[in-house]
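>>> Everything below, folded, please.
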Amino acid sequence: MKKITTIGKAKTRTSAQPKPSAAAVKKVLRPKKPAVKKPVPAPRVGLHNLAIPFGAHKRRKLLGRGSGSGHGKTSTRGSKGQTSRSGQSFYTGFEGGQSPLIRRVPKRGFFSPRRKVYQVVNLGDLLKIKQDSINPDLLENKGLIRDKNKPVKILGNGEIKNPLNIQAHAFSKSASDKIQKAGGKAEIINVAISK
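The predicted structure follows:
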């Protein structure tokens, strides 16, 4: 029996073994294609596959059934007394019945709810404005006051030389004197002031 040998690492075969067919050789030579996984569609939500999640339904807490109920002797309220009763409520700053801090601290002074808070402008600040007539609209545009609808008071800090016609809700005595000395006019605006 003749032996046929091949070069390299190939296996030896005898003449008695049958020759492999072309299809078998092609199978060996061609690498296998990896199997493509088709995407699994998400299941449709419907009445047939709805389920109640665990913990969605809790047992009703039965109170006042003694220590064997699992909710304690005092029905999970901690202790007896005011906090264990229904309808108990405490105001802010309650200190268990003793005189609270808000009553212990002495009160002095008075804060009027109807007070007038003026936006203050000094005469020296008006030197920046190069106009003869000054009103709250102009003062707001120049950044000397924040809100033209809130009252404005002119104070006498500073000096003016030019005659100015100034409109404001209030003037100090020194401011009005200085304005009149310079030949100007201090007009008081009597309008309803928004709070």
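
>>> what about the helices in this protein?
For the chain, the helices defined by DSSP state H cover 22-29, 101-104, 136-141, 173-181.

>>> Would you format those helices as TSV with mean pLDDT included?
Below are those laid out as TSV (pLDDT from 0 to 100):
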stretch	mean pLDDT
helix 22-29	65
helix 101-104	94
helix 136-141	94
helix 173-181	94
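
>>> gap between residue 182 and residue 83?
Between residue 182 and residue 83 the computed distance is 73 Å (CB to CB, to the nearest Å). For glycine as for every other residue, the C-beta is placed from the backbone atoms N, C-alpha and C.

>>> Next: residue 159.
For residue 159, the distance to residue 83 - CB to CB - is 70 Å.

>>> still on that earlier bit, identify whichever of the helices of the chain lies nearest to residue 153.
Judged by CB to CB, the one of the helices of the chain that comes nearest to residue 153 is helix 173-181, at 8.5 Å.

>>> Chain neighbours aside, what residue packs nearest to residue 163?
residue 183 (3.6 Å; CB to CB, 6 or more residues apart in numbering).

>>> Tell me the spacing between that neighbour and residue 67.
Counting by CB to CB - residue 183 and residue 67 are separated by 95 Å.

>>> In CSV, list the helices of the chain along with mean neighbour count and distance to residue 188.
Below are the helices of the chain laid out as CSV (neighbours: other CB atoms under 10 Å; distance: least, CB to CB, whole Å):
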stretch, mean neighbour count, distance to residue 188
helix 22-29, 9, 108
helix 101-104, 10, 42
helix 136-141, 17, 12
helix 173-181, 16, 9
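
>>> Just put those helices in a markdown table and tack on distance to residue 46.
Converted to a markdown table, the helices of the chain look like this (distance: least, CB to CB, whole Å):
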| stretch | distance to residue 46 |
| --- | --- |
| helix 22-29 | 47 |
| helix 101-104 | 61 |
| helix 136-141 | 65 |
| helix 173-181 | 82 |
